[in-house]
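*Asks:* Below are the sequence and a predicted model; questions follow.
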Amino acid sequence: MKGNTSITLLLTIVLVSSSLAGCFGDALDEVLPERYGTPGGLTLACLQSDTYQSMVIEIDHEADYAPQSSSLDMIVERLESVCDKPGGISIELDEVEFNHEGTWSADDVREKSRLTKDASATTDSTLRWQIIFPSGTYEDDSVLGVAVDASSVAMFGDSIENAGAPFGIRISAEDVENSVMVHEIGHLLGLVNLVYESEFEHEDENNEGHSNNDESVMYWAIESTDLANFISGSLPNEFDEYDLADLAGMADGSIKVTDQLWR
Ligand SMILES: [Zn+2]
């Protein structure tokens, strides 16, 4: 059971390990019966196929918060381009009720994700990642999406809806959702430097875990409503050449990968 006792315990752990800010939840694990790890902890499980031949992205959304079909198509396409999954990558879409009051913390996302997920991330030959789409906003309402552990992401539709507004008609909420979703999936893939050290200097020096290239979907401003101030032209929704080189290096073993949950 993941009741209030363990959540209280987790909160104390979070307080001492809050080095990753922004769109990451703070790191925690090891005290739960199932190990959930940190973003990037299932990177090799996706990039390689020796343990997991297929992959499911479970989407749990509240009524009126279903993602755009273009976002779903895009994350499958991006994952297929970098992950070795001969059994395929599919989406499972469920409408759920999270019964949550007030804003969302990283621990709220963890708790509600675990209560609604249909199956564990790593029990059989299928790797499962989960993205929840709740109503309401993150405790910092400039956050559009957050990756809270090795297999769990939340997307905040109310904030995404408003984030495109400063762009006027040039960038729609759909475009923002597309980019943020690929960005959070990128964190689950370990980008940037979450579970490895890139040979390229493309991690932003002021924004840990993010790219300094505004043409990468991993650019640091993608995570927040500040993006209007920092992005000129169209929003990136693709990994850049450095992101792709990092992923390829992890996949073929030429880059050392740490903190993997499953081996
Ligand atoms: Zn981010």
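*Replies:* Looks like it arrived, so ask away.

*Asks:* Every contact and neighbour count from this point should use C-alpha atoms.
*Replies:* Fine.

*Asks:* what about the closest residue in space to Glu80 that isn't next to it in sequence, how many neighbours?
*Replies:* Using CA to CA, 6 or more residues apart in numbering and skipping residues adjacent in sequence, the residue nearest Glu80 is Ile89, 7.1 Å away. Look at Ile89: counted by other CA atoms under 10 Å, it has 21 neighbours.

*Asks:* switch to numbering from 329
*Replies:* Happy to do that; since the first residue is 329 now, the last one works out to Ile417.

*Asks:* Give me the distance between Leu443 and Asp436.
*Replies:* Applying CA to CA, to the nearest Å, the value for Leu443 to Asp436 is 11 Å.

*Asks:* who has more neighbours, the two?
*Replies:* Between Leu443 and Asp436, Asp436 has the larger neighbour count (other CA under 10 Å), namely 15 against 11.

*Asks:* For the more buried one, what are phi and psi?
*Replies:* phi -60, psi -40 (degrees, to the nearest 10).

*Asks:* Next, the contact list for the residue nearest to Glu408, please.
*Replies:* 382-385, 404, 407-408 (CA atoms under 8 Å, 6 or more residues apart in numbering).

*Asks:* let's go with 10 Å and repeat that
*Replies:* Contact analysis of Ile417 by CA atoms under 10 Å, 6 or more residues apart in numbering lists 381-385, 403-405, 407-408, 411, 454-456.

*Asks:* What subset of the residues you listed is buried?
*Replies:* Using 16 or more other CA atoms under 10 Å as the burial test, those include 381-385, 403-404, 407-408, 411, 454-456 as buried.

*Asks:* residues in contact with Ile385?
*Replies:* Ile385 neighbours (CA under 10 Å, 6+ apart): 400, 403-404, 417-421, 449, 455-459, 479-480.

*Asks:* among the residues you listed, which two are most distant?
*Replies:* Leu400 and Ala449 (18.8 Å; CA to CA).

*Asks:* Which residue of the two possesses the greater neighbour count?
*Replies:* Applying other CA under 10 Å to Leu400 and Ala449 shows that Ala449 carries more neighbours, namely 24 against 18.

*Asks:* who are the neighbours in contact with the more buried one?
*Replies:* 362-364, 370, 383-385, 455-458, 478-480, 590.

*Asks:* how does it look with 7 Å?
*Replies:* The contact partners of Ala449, by CA atoms under 7 Å, 6 or more residues apart in numbering, come to 455-457, 479.

*Asks:* Helix, strand or coil: sort out the spatially most central residue of the chain for me.
*Replies:* Of all residues in the chain, the one closest to the mean position by CA atoms, centre = their mean is Glu512, 3.0 Å from it. Here Glu512 is recorded as helix under DSSP: H, G, I helix; E, B strand; the rest coil.

*Asks:* quick one: it and Val476 touch, right?
*Replies:* No. Using CA atoms under 7 Å, Glu512 makes no contact with Val476, being 9.7 Å away.
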